[in-house]
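1. Give me the fold of what follows.
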Amino acid sequence: MAVPLALMSAAALLSLVLATYLGAPVWVLVLANLGNAIMPQAGTLIRARWAHLLRGEAGMLHTANSFEQVLDESCFMMGPALGAALATLFFPEAGMLLALLLYTTGVIGLALQRRTEPPVQPQHEHHTGRAWQAPGLLLLAATLALTGTIFGAADVIVVAFAAEHQAAAWGGATLGCFALGSLVGGLVYGTRPAADAIAQRLLWSTLAMSVLLLPVLVVDQLPVLAAVLLVAGSAIAPTLITAMMLAQRLVPESQINEGMTIVMTGLLIGIALGSSAAGGMIDAYGASRAFLVPVLAAFLAFALALLGRSTLVSAERRAMDLFGSFATKP
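-> Below you'll find the predicted structure:
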């Protein structure tokens, strides 16, 4: 299903590029942008393959998930800079065209790698419902929704903060520091040994995320903001890596794609809500006060992880008892 859906979503977004180029009305742009709704998540498909290939190898699976997150952060760093460069050198839609080409080529190339593709799993007696019914999965998705709120809000606020300080050209670079910190955090986290229980690590990573982000509330200079974001970003990748590994454990192998997609959907919903909330705060109170949005989201993510700790730990143990674990060799 990945290839036809990817081609359909790419065609829809290609129509968005064309509509933008032709100066079409806003409602046409909105309709064209709905192509995102059916776009397969390549990161989820890849992580599902790692989980299949490294079943029973907890340490290697931890490293593989960390590696994937580092690649994601690298794209977050390079993408805006490359898009801006292409728009400046050629035309505004050049960045989107390159992104569509890379995405479509990547998904088709991934689909052709049949050797690493997980086999279709028949339904078993413990797989009678949907993945969202797995204990703890919606709680995990809600935690990532709050984490996504941080991303969405930061994207808007940092650019506005730079503009308010007459340094709009440096907004993208400052935001890149956030991704760079996350990249480094992912590299370091990937070298750490993987413990048997994953749920407990989510509590500590969300705590670090909220505490390290707190100084943005008192920053009044762009270079200082860049430094704060660099440090705060170091807790982002560990949170995402932990969440994705926990999602892999909470569902049976036959539902691993569905389970991770639900968690990823929570992240994407949070990004959308964060951008909207931050935009409203900026209009009403300015960029500096708008930082309350990501800070509050970070502390709510920690509070949710704290309140749901016993639920997630119990759910992880239950899942390991029911249908095995990627952490233990069969």
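
2. Show me where the stretch 1-150 of the chain dips below the pLDDT cut-off.
-> Judged against pLDDT under 70, the low-scoring parts of the stretch 1-150 of the chain cover residues 77, 121-129, 132.

3. Now do the helices in it.
-> Taking DSSP state H, counting those that start in this stretch as the criterion, the stretch 1-150 of the chain carries its helices at 2-22, 26-33, 42-53, 58-89, 94-112, 137-164.

4. deepest of these, which one?
-> helix 137-164 (a mean of 24; mean count of other Cβ atoms under 10 Å). No exception for glycine: its C-beta is placed from N, CA and C like everyone else's.

5. and that helix, what does it pack onto?
-> The contact analysis (3 or more Cβ pairs under 8 Å, 6 or more residues apart in numbering; DSSP states H and E) places helix 137-164 against helix 171-191, helix 199-213, helix 222-232, helix 236-250, helix 256-285, helix 287-290, helix 292-307, helix 309-323.

6. Burial-wise, tell me which of these comes out on top.
-> The densest packing among those, expressed as mean neighbour count by mean count of other Cβ under 10 Å, is seen in helix 236-250 with a mean of 27.

7. how far is that one from where the chain is centred?
-> Distance of helix 236-250 from its chain centroid, counting by Cα atoms, centre = their mean, to the nearest Å, is 10 Å.

8. Which elements pack onto that helix?
-> On the basis of 3+ Cβ pairs under 8 Å, 6+ apart, helix 236-250 makes packing contacts with helix 42-53, helix 58-89, helix 137-164, helix 171-191, helix 199-213, helix 256-285, helix 309-323.

9. Hey, what's the angle from the third one to helix 236-250? Just curious.
-> Read it as helix 137-164. If you take axes from the mean of the first three to the mean of the last three Cα atoms, to 10 degrees, helix 137-164 sits at 160 degrees to helix 236-250.

10. Now do the contacts for Ala305.
-> Applying Cβ atoms under 8 Å, 6 or more residues apart in numbering, we find Ala305 in contact with Thr143, Leu202, Leu203, Thr206, Leu207, Leu312.

11. would you turn those into TSV with distance to Gly266?
-> As requested, the contacts of Ala305 are arranged in TSV below (distance: Cβ to Cβ, whole Å):
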residue	distance to Gly266
Thr143	8
Leu202	13
Leu203	18
Thr206	14
Leu207	19
Leu312	14
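
12. which one of those residues sits closest to Leu100?
-> If you rank the contacts of Ala305 by distance to Leu100 using Cβ to Cβ, Thr143 comes first, at 31.1 Å.

13. residue contacts, the closest one?
-> The contact partners of Thr143, by Cβ under 8 Å, 6+ apart, come to Leu202, Thr206, Ala243, Gly266, Ala301, Leu304, Ala305, Gly308.

14. how close does the closest residue to the last one other than its chain neighbours sit to Gly280?
-> If the residues on either side of it in the chain are set aside, Gly308 comes closest to Leu139, at 4.6 Å by Cβ to Cβ, 6 or more residues apart in numbering. For Leu139, the distance to Gly280 (Cβ to Cβ, to the nearest Å) stands at 27 Å.

15. What is the burial count for Trp170?
-> Under the neighbour criterion other Cβ atoms under 10 Å, Trp170 is assigned a count of 19.

16. Spit out the contact partners of the nearest residue to it once chain neighbours are set aside.
-> Leaving aside its sequence neighbours, Trp170 sits nearest to Ala162 (Cβ to Cβ, 6+ apart; 5.4 Å). By Cβ under 8 Å, 6+ apart, the contact list for Ala162 reads Ala168, Ala169, Trp170, Gly171, Thr174, Leu222.
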